[in-house]
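Enquirer: here is a sequence with its predicted model. Questions after.
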Amino acid sequence: MNDTAKITVLGRRKEATARVNLITGKGDIVINGLPIDKYFLRETDRIMVKQPLVLTNNITKFDIIANLTGGGLTGQAGALRLGISRGLIAVDPTVKDMLRKQGYLTRDPRMKERKKFGQKGARKRFQWTKR
């Protein structure tokens, strides 16, 4: 890897999409222009985002600039984790097995089911009346 590497990858989970830039730096994580502590208020989401960095001992080696869209906050955190994992593989392919074993490279394919015609929602029907 050269001195100032910039890797751009895409991560998705459910309806959320994360465009992630990994830049050689000191460990700052900026999401949609905000620091990670201001964007993800829940500690579990912040832990989820940092898991691949902690596992590969890269927590202070890369600055991460991410653009998140769609879904909810937890879905966005999962998409960001997948994006970071893919970026780390682009930098160092030897960590792939480690990340795969932890499940950080598995995309969560669940999506919202579409509403069907003649129904109130995806599964819910209109109330049936006998008379």
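Expert: Arrived safely. Numbers count the residues shown, from 1 in each chain.
Enquirer: burial count for the nearest residue to Gly75 once chain neighbours are set aside?
Expert: Of all residues not flanking Gly75 in the chain, Ala16 sits nearest, at 3.8 Å (C-beta to C-beta, 6 or more residues apart in numbering). For glycine as for every other residue, the C-beta is placed from the backbone atoms N, C-alpha and C. Neighbour count of Ala16, defined by other C-beta atoms under 10 Å: 22.
Enquirer: how about the helices in this structure?
Expert: 36-39, 43-55, 73-91, 96-102 (DSSP state H).
Enquirer: quick revisit: now for the residue nearest to Gly75: which residues touch it?
Expert: Leu68, Thr69, Gly70, Gly71, Gly72, Gly75, Gln76, Gly78, Ala79 (C-beta atoms under 8 Å, 6 or more residues apart in numbering).
Enquirer: which among the helices of the chain is found nearest to Phe126?
Expert: helix 73-91 (29.9 Å; C-beta to C-beta).
Enquirer: avg pLDDT for that closest one?
Expert: Summarised as a single mean, pLDDT over helix 73-91 is 94.
Enquirer: okay, buried residues for stretch 12-32 please.
Expert: 12-14, 16-22, 29-31 (16 or more other C-beta atoms under 10 Å).
Enquirer: run through who's touching stretch 45-60.
Expert: Under C-beta under 8 Å, 6+ apart, the answer for stretch 45-60 is 26-27, 29, 36-37, 40, 62, 73-74, 76-78, 80-81, 84-85, 88, 92, 95, 98-99, 102, 104.
Enquirer: and that stretch, how far out from the chain's middle?
Expert: 12 Å (C-alpha atoms, centre = their mean, to the nearest Å).
Enquirer: tell me the centre residue of the protein?
Expert: Ala79 (1.6 Å; C-alpha atoms, centre = their mean).
Enquirer: pretty sure that one contacts Val9?
Expert: No. Taking C-beta atoms under 8 Å as the definition, Ala79 is not a contact partner of Val9, at 10.9 Å.
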